[in-house]
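1. all I have is the shape, not the residue letters:
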Ligand code: HSE
């Protein structure tokens, strides 16, 4: 009647895959305890780590849980405790981890009536509260694990993409806050066909490279000529971090989700550690605090 879960942080977009690609981090995530109650409804009884609303309809974990309850109509309710480890607004899917975690746990306690795609759909309702629109590129990897591609949101279609065995991610989180809604508002509504062609060629080749474990092609495909030029201006020292990461051996680097976190992909743990060192060195010379994570994909 009670379950304790780890709900992972995630990196969305992955350079050329704006709103469609994402992967899951295994070393950072929220913890949640969800308990069945006789009283119907959703109650958030504890939030540790960050100051977030307790009212279910104002909390992303509550909103996604309410969406599931509306369909499942169980004869019970649930209490949710949230031990938030992922800082809101850090660009590694903080709201998605909460939104995905509550529905994943409730589904387990109900005997798994819903599949991963349905759970992702419920979690998207919570995510929409935080970002102002429904997108699943953080939610999908949090629920499915690994690397995912959201082929379509309505109806929801998620594809699991295989990851080469030596692929590692290094993520640095400079402590400035960027709101997803604002980082979306600065993007152009229309793009030139020529740019779109370059972007979808990179996206297609990145997915192909993941399937064929072609690290060189991963490196060659990790480019974002549409979103990064706008959003990188919101992240101090982004260009230096990216250049230094690649110099240190990264296959490529880009903005994690809507930022400010920056991710780099590397072949092998040693390379990912060298990249972490290079990233740290950049922010150590500034007055911006940061934290860093390394994860196998
Ligand atoms: N794809 C989303 C964006 C992820 O970049 O706006 C952030 O939630």
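-> Yep, that arrived. Since the model is a prediction, treat every value here as computed from it, not as a measurement.
2. longest strand of this structure, counting residues only.
-> Looking across the chain with DSSP state E, the single longest strand is strand 21-37.
3. what packs against it?
-> Contacts defined by 3 or more C-beta pairs under 8 Å, 6 or more residues apart in numbering; DSSP states H and E place strand 21-37 against strand 2-12, strand 77-83, helix 94-109, helix 139-144, strand 147-153, strand 167-174, strand 290-296. (C-beta placed from N, C-alpha, C; glycine too.)
4. any idea which of those is most buried?
-> helix 139-144 (a mean of 30; mean count of other C-beta atoms under 10 Å).
5. that one near the ligand anywhere?
-> No - applying C-beta under 6 Å from any ligand atom, one finds helix 139-144 separated from the ligand by no less than 9.3 Å.
6. quick one: mean pLDDT for that helix?
-> Regarding helix 139-144, the rounded mean pLDDT is 97.
7. hmm, who's touching it?
-> Applying C-beta atoms under 8 Å, 6 or more residues apart in numbering, the contact partners of helix 139-144 are 7-8, 10-12, 22-24, 93, 96-97, 99-101, 104, 116, 119-120, 123-124, 127, 147-148, 150, 158, 160.
8. out of the residues you listed, which touch the ligand?
-> Among these, the residues within reach of the ligand (C-beta under 6 Å from any ligand atom) are residue 12.
9. list the strands paired with the longest strand of the chain, with their directions.
-> According to DSSP bridges, strand 21-37 has the following sheet partners: strand 2-12 (antiparallel), strand 77-83 (antiparallel), strand 147-153 (antiparallel).
10. what residues of the following helix or strand past that strand count as buried?
-> Going down the chain from strand 21-37, the next helix or strand is strand 41-48, by DSSP states H and E. By neighbour count on 16 or more other C-beta atoms under 10 Å, the buried set for strand 41-48 is 42, 43, 44, 47.
11. the residue nearest the centre of the chain bridge partners, please.
-> With distances taken as C-alpha atoms, centre = their mean, the residue of the chain nearest its centroid is residue 10 (2.9 Å). Beta-bridge pairing of residue 10, defined through DSSP bridges, involves residue 24.
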